[in-house]
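Q: Fold the following, please.
(chains A, B, C and D)
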Amino acid sequence: MAKFQCLAEAVAENLKDGDSVAFEGFTHLIPHAVAHEVIRQGRKDLTVMRMTPDIIYDQLIGMGCVEKMIFSFAGNPGVGLLRRFRDSLENGWPLQVEIEEHSHAAMANAYEAGAAGLPCAIFRGYRGAELTRVNPNIKFIKCPFTGEELAAVPSLRPDVAVIHAQRANAKGDVFIEGITGVQKEAVLAAKRSIVTVEEIVDDFGGISPNATVLPSWTVTSVVAVPGGAHPSYTQGYYGRDNAAYIEWDKVSSDRDSFTAWMEENVLKQGPEVFETRVAHLKNAG
Amino acid sequence: MAKFQCLAEAVAENLKDGDSVAFEGFTHLIPHAVAHEVIRQGRKDLTVMRMTPDIIYDQLIGMGCVEKMIFSFAGNPGVGLLRRFRDSLENGWPLQVEIEEHSHAAMANAYEAGAAGLPCAIFRGYRGAELTRVNPNIKFIKCPFTGEELAAVPSLRPDVAVIHAQRANAKGDVFIEGITGVQKEAVLAAKRSIVTVEEIVDDFGGISPNATVLPSWTVTSVVAVPGGAHPSYTQGYYGRDNAAYIEWDKVSSDRDSFTAWMEENVLKQGPEVFETRVAHLKNAG
Amino acid sequence: MTNFTPSEMMTVAAARALKNDDVCFVGIGAPSAACNLARLTHAPDITLIYESGTLGTAPNVLPLSIGDGELCKTALTTVSVPEMFRYWLQGGRITVGFLGGAQLDRFGNINTTVVGDYDNPKVRLPGGGGAPEIAISCGEIFITMKQSLRGFVEKLDFVTSLGHGKGGNDRAAHGVTTRGPTRLITDLAMWEPDPVTKEFTVTSLHPGVTRDQIRETVGWKAKFAEDVGETPAPEALELEVLRDLHARTKAAHEGK
Amino acid sequence: MTNFTPSEMMTVAAARALKNDDVCFVGIGAPSAACNLARLTHAPDITLIYESGTLGTAPNVLPLSIGDGELCKTALTTVSVPEMFRYWLQGGRITVGFLGGAQLDRFGNINTTVVGDYDNPKVRLPGGGGAPEIAISCGEIFITMKQSLRGFVEKLDFVTSLGHGKGGNDRAAHGVTTRGPTRLITDLAMWEPDPVTKEFTVTSLHPGVTRDQIRETVGWKAKFAEDVGETPAPEALELEVLRDLHARTKAAHEGK
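A: Numbers count the residues shown, from 1 in each chain, chains lettered A, B, ... in the order given. From the prediction side, this is the model:
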């Protein structure tokens, strides 16, 4: 059964130094509030994974929390490159991050296989692609019926999955809608999970009989953090803060402005700040 | 783009002698009306597949339409055995049906792999189960990362998928909700598909952003057949005719009563009869 | 003491074996009655899952079939069948799975496929359905079956689903890490596998049942635990809830 | 004739290459503008799919990112990302996929991974994302990129996604049965692969562009088809619809 907790407690109890962690979200519902709490608590040596690591991974890397990153597309979506990630990879600042790089199809299949309790995923992929040369976790197997060669990757089974969702009900079941990405798979593939939500309601009311719902007993910790996805968005609540993504390109462009921004906007703040950050975006939800 | 057709046309154009056909449905939304039309048109030598072949497969087999059946559970759900299927297998009446037998997990994975365009599915299954001795389409492969042995089955890719759904819109997109079984996978895995619906509406209105919808361009033929799932049910429209399932046990118990029943209730009827058959079940929908 | 039938005793005993935090993969018939009886008595938060895709369902009447609308309408949510078998069953999320069948052997292996030869069947049964993977993927398996010489056999005609195989460590030798059949709940007794040989052993007789009745309804030489207790008879509340459930179910299935 | 920019020419030319019954896997940037321009002009029924899971979307403003809410709100439905890559892309349902990148070679192979050595990068780029499988699973690939010596290179630093490999039958030798890059649409010209060698060849110059301009912006010896035509300039309606789309997009992204 999911435990209702405050954010500091949820992170302290469930996310340890050295853990492998998926902060998932596909543009939508990215769990910024949890990542900031992880940075405040000074976690180290994390193996982070995500299909589309963006600002929060830039921040986690820049703050020295990350030892290794498993990913398929590391960019500031619609804006450009991730400058803290680049600085780590190109110059080793503040640490040299180890990378394991895949394609989107590989990562999506690997989460799916993790949720399904399998050790690996197979798919038709990577033909003629050079990642096969640099990533030993890409192999090929033969279909036992047709002889076709198919790509295989190990399933992704993080210690902790972190996601943001629209609502939890009083039992701790979690409801997600809109672009759901690989979040359900990440939670089901993980040993533990932290889910922040916009609100906790008595019950979900008239949702679809086939709605995406994570039963309470598949979730470890539920935390209400209104606005917790900012500058990402939560469909039905607030729109994406595109200006913040564009601003990040500048903030992250050098080490000093990055460090100052993190001090001011993350280290000195708490989760309650997120609600105020989305106030002007409510109409766009 | 889906074509709107009448049932006789849809079957005549899309379902030929010798085809492999999945009439899918998992208790809910079983496409009885199409199966009856197939029987009326006298199709022969079909390879039929379904996880849970029930009355319609008993009828198709009893009427001599079937050469081979791929399945995982052949019973009259909640009632008992399939007597026409047994008569075929045990006594060769009217024909000896060839069988390829799997578990539910295997069939579900095989449809999923078919929808995903893969030649095979892998899963953790069949350990210690004797179907591996009698079905050459069950093999085992080794995970290239862990060495674990996993079961493999060929994907299911029927010539034709036949399903029943709640609604189509004016473009021919198809909306399904409730127990959706493997119907979406069956349609996406098939070369052609026939979808009967309770009604055709202008648009779907306020459905979930994540509703199960088959885009028009994935469907070959859409036919409005109100009540077309009877004696199965259509959630939101009418309930299951449990009495009819219980009655079938008696009807199918001998060859003469079966033949007479089929003559009266299938050969002499058309698709319009289904609407009248569900009239008394509307409250239970 | 209230009167009760052997069927009722079996269902009540199975219900009692379930805990409030169990996640059950429910089959039609006795398991469905037992799981819902548990939910309506001592285990209100138990999670019931039917292979048709319904997660966390709470039917008011028992389903006639595994995919009745009642299951979907009362469920937390309903997923596709491929997802059910991949994420929920194979994903290792089920604590207790129920199985039964036409034939059972002393090690909890089950046949629901065929009586006679597979290629030349005497009676063609429905087949395995979900059983081969339920048997290996659930944390443990409860078997509910009425005892009879026809059903409790020395040797299965066909092994549809694995129990403890040939006994001892044979289950593990098949690469299976789950516990397998931990309870056999019949109309006459409670059985548990011997810790070493894994052969089912009677641990408790239902009220009024004799050892001879056990021996006469089992096609192998039945073994008894050192201490064989008596199963507590169904309590008045258990029977009342179970009978109400069956009455509602009968009314619903006959079209009210 | 209306004035237009090379970017506008590129987008209009890409839009024209799309048909009403195409199913497009759309990327952010130029492909998104081209696909939506096609939808708003000659191909109203075109199906647009973004890898975030949105099927049949019709955004009123262009998304800044692949998963903007606008895409979901205007979609027929939105599926999970694993389903997107399994059923929709790998399932072979996409007729046209768009790709672009930091580096392109004459055979349509693309690098979006790294400039310099993989283990010791000069510039670490975002990586492949969906490209490795988009490149092999879509019926055909349209590449849109602005010509430059930095981008159009003799040899890629890294092959993120397969085009025609080393040319000729090399693509098929990799076990790939789809057509691969069939068009390269730049700010200066239209290119198509030579039927035999599979090297990109200029088939049409955009209005006012010279052969020298092509040669000066390509890091290999550019080839020209026997008949090189002139791309028809954007029509007034095309420009109007495109500029309206960009204006709406700009207003929306700046917070109206």
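Q: Tell me how many other residues surround residue A:119.
A: Close neighbours of residue A:119, defined as other Cβ atoms under 10 Å in any protein chain shown, add up to 19. No exception for glycine: its C-beta is placed from N, CA and C like everyone else's.
Q: now do residue A:153
A: 26.
Q: quick one, what contacts residue 130?
A: No chain specified, so I'll use chain A. Residue A:130 is in contact with D:113, D:158, D:159, D:160, counting by Cβ atoms under 8 Å, 6 or more residues apart in numbering or on different chains.
Q: let's do chain C instead
A: Per Cβ under 8 Å, 6+ apart, neighbours of residue C:130: B:73, B:103, B:104, B:105, C:25, C:27, C:51, C:85, C:89.
Q: Please report how far the closest residue to the last one other than its chain neighbours lies from residue C:144.
A: The one in question is residue C:89. Distances taken as Cβ to Cβ, 6 or more residues apart in numbering or on different chains place residue C:137 nearest to residue C:89, at 5.0 Å, with adjacent residues excluded. Applying Cβ to Cβ, to the nearest Å, the value for residue C:137 to residue C:144 is 19 Å.
Q: returning to that earlier point: report the two of the contacts of residue A:130 separated the most.
A: Farthest apart among these by Cβ to Cβ are D:113 and D:159. That separation is 8.5 Å.
Q: Counting neighbours, go ahead and name the busier of those two.
A: Remark: of residue D:113 and residue D:159, residue D:113 carries more neighbours, 28 against 23, as counted by other Cβ under 10 Å.
Q: you'd agree that one is up against residue D:132?
A: No - Residue D:113 lies out of contact with residue D:132 (Cβ atoms under 8 Å); the separation is 9.9 Å.
Q: So for the residue nearest to residue C:98 when sequence neighbours are not counted, what's the pLDDT?
A: Leaving aside its sequence neighbours, residue C:98 sits nearest to residue C:31 (Cβ to Cβ, 6+ apart; 3.4 Å). For residue C:31, the model assigns a pLDDT of 90.
Q: sec struct for residue C:31, please.
A: Under DSSP: H, G, I helix; E, B strand; the rest coil, the three-state class of residue C:31 is helix.
Q: List the contacts of it.
A: Per Cβ under 8 Å, 6+ apart, neighbours of residue C:31: C:14, C:24, C:98, C:100, C:142, C:144.
Q: and the strand or helix carrying residue C:250, what other elements does it pack with?
A: Take DSSP states H and E as the rule and residue C:250 turns out to sit in helix C:236-253. On a contact count with 3 or more Cβ pairs under 8 Å, 6 or more residues apart in numbering or on different chains; DSSP states H and E, helix C:236-253 meets helix C:6-16, helix C:30-40.
Q: Please identify the buried residues of it?
A: C:238, C:239, C:241, C:242, C:245, C:246, C:249, C:252, C:253 (16 or more other Cβ atoms under 10 Å in any protein chain shown).
Q: Can you tell me which of the helices and strands packed on helix C:236-253 is most buried?
A: The highest mean neighbour count among those, using mean count of other Cβ atoms under 10 Å in any protein chain shown, belongs to helix C:30-40: a mean of 25.
Q: hang on, the earlier thing: point out the least confident one among the buried residues of helix C:236-253.
A: residue C:253 (79).
Q: Could you measure from that one over to residue C:70?
A: 11 Å.
Q: Now do the shared contacts for these two.
A: residue C:61.
Q: where does chain A have low pLDDT?
A: Along chain A, segments meeting pLDDT under 70 span A:284-285.
Q: Quickly list the domain ranges of it.
A: Per the record's domain assignment (automatic domain parsing), chain A is made up of the domains A:3-46+A:159-284, A:108-154.
Q: now these as a markdown table including distance to residue B:140?
A: Below are the domains of chain A laid out as a markdown table (distance: least, Cβ to Cβ, whole Å):
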| stretch | distance to residue B:140 |
| --- | --- |
| domain A:3-46+A:159-284 | 24 |
| domain A:108-154 | 8 |
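Q: between those domains, which gets nearest to residue B:146?
A: domain A:108-154 (4.3 Å).
Q: From one end of that closest one to the other, what's the distance?
A: End-to-end distance for domain A:108-154, by Cα to Cα, to the nearest Å: 11 Å.
Q: Please apply the same query to stretch A:81-97.
A: 16 Å.
Q: Can you point out the buried residues in it?
A: A:81, A:82, A:83, A:84, A:85, A:86, A:87, A:88, A:89, A:94, A:95, A:97.
Q: wait, the third one sits on residue A:253?
A: It stands for residue A:83. Yes - with contact defined as Cβ under 8 Å, residue A:83 reaches residue A:253; the gap is 5.6 Å.
Q: before we move on, back to that, need the overlap of contacts for residue D:113 and residue D:132.
A: Looking at what touches both residue D:113 and residue D:132 (by Cβ under 8 Å, 6+ apart), the common residues are A:131, D:160.
Q: For chain C, which segments count as strands?
A: With strands called from DSSP state E, chain C shows them at C:23-26, C:47-50, C:54-55, C:77-78, C:96-99, C:103-104, C:110-111, C:114-117, C:120-124, C:140-144, C:181-185, C:189-193, C:200-205, C:223-230.
Q: Residue A:35 falls within a strand, correct?
A: No - with three-state DSSP as the criterion, residue A:35 is helix rather than part of a strand.
Q: follow-up on the earlier one: between the helix holding residue C:250 and helix C:6-16, how many degrees?
A: 110 degrees (axes from the mean of the first three to the mean of the last three Cα atoms, to 10 degrees).
Q: Show me the shaky parts of chain C.
A: Using pLDDT under 70, chain C drops low at C:1-2, C:255-256.
Q: can you list the residues of it near chain A?
A: C:21, C:23, C:47, C:55-56, C:72-73, C:75-79, C:86-87, C:90-93, C:137 (Cβ under 8 Å from any Cβ of the partner chain).
Q: Can you turn the buried part of those residues into a PyMOL selection?
A: Restricted to buried positions by 16+ other Cβ under 10 Å, the PyMOL selection for these reads:
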select buried, chain C and resi 23+47+55+56+72+73+75+76+77+78+79+86+87+90+91+92+93+137
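Q: Show me the residues of chain C next to chain A that map onto helices.
A: C:72, C:73, C:137 (DSSP state H).
Q: How much space separates the spatially closest residue to the second one that is not a sequence neighbour from residue B:127?
A: The one in question is residue C:73. Leaving aside its sequence neighbours, residue C:73 sits nearest to residue A:209 (Cβ to Cβ, 6+ apart; 7.3 Å). Per Cβ to Cβ, residue A:209 is found 34 Å from residue B:127.
Q: quick one, which of those two is more surrounded?
A: Shown here are residue A:209 and residue B:127; by other Cβ under 10 Å, residue B:127 has more neighbours (23 against 20).
Q: ok, now which ones touch the more buried one?
A: Contacts of residue B:127 (Cβ under 8 Å, 6+ apart): B:151, C:132, C:136, C:162, C:174, C:175, C:176.
Q: List the contacts of the fifth one.
A: Listed by Cβ under 8 Å, 6+ apart, the contact partners of residue C:174 are B:127, B:128, C:136, C:162, C:165.
Q: go again using 6 Å as the cut-off
A: B:127, B:128 (Cβ atoms under 6 Å, 6 or more residues apart in numbering or on different chains).
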